[in-house]
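**Student:** Just need the structure, nothing else, for what follows:
(2 chains)
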Protein chains: 2
Amino acid sequence: MLPKTELKKIAQLGLKKFRDQTGLFIVEGQKSVVDFLDQGWHCEGLYSTQKFDGLQTNMITEKEMQRITQFKAASPILGIFQKRLSSAIPTQESALLLDGISDPGNLGTIIRQASWFGVSHVICSTQSVDAYNPKVVQASMGGLARVTVHYTNLESFLFRATLPIYGLALTGLPIQKVSWDRPAYLAFGSESHGISEAVLGKLTQCVTIPAVGHSAVESLNVASAAAIVLASFTNP
Amino acid sequence: MLPKTELKKIAQLGLKKFRDQTGLFIVEGQKSVVDFLDQGWHCEGLYSTQKFDGLQTNMITEKEMQRITQFKAASPILGIFQKRLSSAIPTQESALLLDGISDPGNLGTIIRQASWFGVSHVICSTQSVDAYNPKVVQASMGGLARVTVHYTNLESFLFRATLPIYGLALTGLPIQKVSWDRPAYLAFGSESHGISEAVLGKLTQCVTIPAVGHSAVESLNVASAAAIVLASFTNP
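**Tutor:** Just a heads-up that it's a prediction; the model follows:
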């Protein structure tokens, strides 16, 4: 049995305010928890409703898990981990630049893609959704344990950037015709407004993914577009 | 003011059981509603909390909208549309085959991609999530208004198929090396189990998207993978 105050403190980590105050965040599900442990993240506590081989957990009831889970359907295991202090943003290594991504599912999916395609850094504008949001953690499927996410003022950052910057837009060079310079930055804009004017002005090259036919939807989802750009960019 | 019974009937369309009984489904948000109207879908009723130029709606209160919306944050407009009777599945045209996709966000995202890349048909196994689920409609961003979604027993369907069938798997021919025969079927499996054994046996070619480096996540999200396959397949 856990004291109610402890349950409350854990549940509050669903909110950015409390994650910022404590430097902690929640990871749910066996696969993700093991990923963060394997990647050496500091764990403050593991809570589970059943035993897991090789994991020392605090056993709690289903009801207690319901109180702390951030999802409709709780996993049998939940971990509290310490956020990592932000390291210096690398200036000579390929990275994604995310300019105002607001949907946690999109950010998590893009972090998962970055991990798959060997891009170790994701640089977000300060307006972007928090990478330690439980839905980002979940959608990243262990990607957040492997990829470093930075938050910065993109405009100032790009002012000093020396790598080429490719940015996805609705008009630009068709992606099939791009000869990628590597390393480089790959920039993606927000779901509703695309890349901001300030960042657009810094791009080395606008890239577009052409639609096929005349009756297409207005745009691709930003995570779908990021998958296509990453596959093309990292294609050996 | 709408009678409570009518509000209830609309709200129930969030459930597949009631969509199947009535043949109706819900579309929320101005962009999506206009897409379905533009594409000639039969509209049974429009409800809104504000006026929209060019649209005849039943004005309702915010409170009433809260009763019928399927989302946490209601849009100011909601439409009830008639599902389309399933047409014959085309046998000489490229299509996506979805074998057990269960996440509505993934299905909607893939339908949006199909529309973007000019693939007009999506063929789902009977276990897949319902395409008229409000979250699918939302994630498809008008794609469902343009793409025809069929449900069938994939194994029997593929028994008679004459087009080549490419299937995404964790092992297979690296996508960069595939010379696509077109038209063709592009098959994707469920989020947790991939393509089923029965369908795997029918594939002309297993295709894989290689990870880069050694510390990658276990897999890509199925919608991310579909984006990459569609971009490669339709690349002129």
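
**Student:** Could I get the full set of helices for chain A?
**Tutor:** Taking DSSP state H, the helices of chain A run over residues A:4-11, A:16-22, A:30-38, A:62-68, A:104-116, A:134-140, A:143-146, A:154-159, A:197-200, A:222-234.

**Student:** Residue A:125 and chain B: what is the separation?
**Tutor:** Noted for residue A:125: a distance of 22 Å to chain B, by C-beta to the nearest C-beta, to the nearest Å. Backbone N, C-alpha and C define where each C-beta goes, glycine included.

**Student:** wait, that residue sits on residue A:102?
**Tutor:** No - here residue A:125 does not reach residue A:102: they are 10.5 Å apart, not a contact under C-beta atoms under 8 Å.

**Student:** who's more crowded, the two?
**Tutor:** Neighbour count, other C-beta atoms under 10 Å in any protein chain shown: between residue A:125 and residue A:102, residue A:125 has more, with 23 against 14.

**Student:** Show me which residues of chain A sit near chain B.
**Tutor:** Residues of chain A that fall close to chain B, judged by C-beta under 8 Å from any C-beta of the partner chain: A:31, A:35, A:105, A:109, A:112-113, A:115-118, A:139-143, A:146, A:175-176, A:209, A:211-213, A:215-221, A:223-228, A:231-232, A:234-236.

**Student:** For stretch A:59-75, list every residue counted as buried.
**Tutor:** A:60, A:64, A:65, A:67, A:68, A:69, A:70, A:74, A:75 (16 or more other C-beta atoms under 10 Å in any protein chain shown).

**Student:** Let me fix that, I meant to ask about stretch A:83-98.
**Tutor:** For stretch A:83-98, a neighbour-count test (16+ other C-beta under 10 Å) marks A:83, A:94, A:95, A:96, A:97, A:98 as buried.

**Student:** Check the spacing between the spatially closest residue to the last one that is not a sequence neighbour and residue A:130 real quick.
**Tutor:** If you skip the residues right next to it in sequence, residue A:98 has residue A:124 as its closest partner in space, 4.6 Å away by C-beta to C-beta, 6 or more residues apart in numbering or on different chains. Residue A:124 sits at a distance of 9 Å from residue A:130 (criterion: C-beta to C-beta, to the nearest Å).

**Student:** of the two, who's got more company?
**Tutor:** Per other C-beta under 10 Å, whichever of residue A:124 and residue A:130 has more neighbours is residue A:124, with 22 against 18.

**Student:** Next, work out how far apart the more buried one and residue A:100 are.
**Tutor:** 8 Å.

**Student:** Identify the residues contacting residue A:230.
**Tutor:** The contact partners of residue A:230, by C-beta atoms under 8 Å, 6 or more residues apart in numbering or on different chains, come to A:96, A:113, A:114, A:116, A:117, A:119, A:186.

**Student:** any idea how chain A splits into domains?
**Tutor:** According to automatic domain parsing, chain A comprises the domains A:4-82, A:95-234.

**Student:** Make CSV out of those domains and add mean pLDDT.
**Tutor:** Formatted as CSV, the domains of chain A follow (pLDDT from 0 to 100):
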stretch, mean pLDDT
domain A:4-82, 96
domain A:95-234, 96
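
**Student:** Neighbours of the nearest residue to residue A:196 once chain neighbours are set aside, how many?
**Tutor:** If the residues on either side of it in the chain are set aside, residue A:196 comes closest to residue A:99, at 5.5 Å by C-beta to C-beta, 6+ apart. Residue A:99 has 24 neighbours, counted by other C-beta under 10 Å.

**Student:** In this structure residue A:99 contacts residue A:187, no?
**Tutor:** Yes - in this structure residue A:99 lies within contact range of residue A:187 using C-beta under 8 Å: 6.2 Å.

**Student:** if I look at the two, which residues touch both of them?
**Tutor:** The contact sets of residue A:99 and residue A:187 overlap at A:195, A:199 (C-beta under 8 Å, 6+ apart).

**Student:** In chain A, spot the strand with the most residues.
**Tutor:** Longest strand of chain A, by residue count under DSSP state E: strand A:165-174.

**Student:** the inter-axis angle of that strand versus helix A:222-234?
**Tutor:** 90 degrees (axes from the mean of the first three to the mean of the last three C-alpha atoms, to 10 degrees).

**Student:** Tell me the strands beside strand A:165-174, with direction?
**Tutor:** strand A:185-189 (parallel), strand A:205-208 (parallel) (DSSP bridges).

**Student:** Is it possible to get TSV of those that adds mean neighbour count?
**Tutor:** Compiled in TSV, the strands paired with strand A:165-174 are given as follows (neighbours: other C-beta atoms under 10 Å in any protein chain shown):
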stretch	mean neighbour count
strand A:185-189	25
strand A:205-208	18
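
**Student:** quick one: which of these is nearest residue A:12?
**Tutor:** Shortest distance between residue A:12 and the strands paired with strand A:165-174, using C-beta to C-beta, is found for strand A:185-189: 31.0 Å.

**Student:** got a list of contacts for that closest one?
**Tutor:** Contacts for strand A:185-189 (C-beta under 8 Å, 6+ apart): A:94-101, A:110, A:119, A:123, A:158, A:161, A:163-169, A:195-196, A:199, A:203, A:222, A:225-226, A:229-230, A:233.

**Student:** picking that back up, quick one, what contacts the residue nearest to residue A:98?
**Tutor:** So residue A:124 contacts A:98, A:101, A:107, A:131, A:149, A:150, A:151, A:152 (C-beta under 8 Å, 6+ apart).

**Student:** Which one of those residues sits in the busiest neighbourhood?
**Tutor:** residue A:98 (30 neighbours).

**Student:** Please work out which of the domains of chain A is packed deepest.
**Tutor:** Stretch with highest mean neighbour count among the domains of chain A: domain A:95-234 (a mean of 20; mean count of other C-beta atoms under 10 Å in any protein chain shown).
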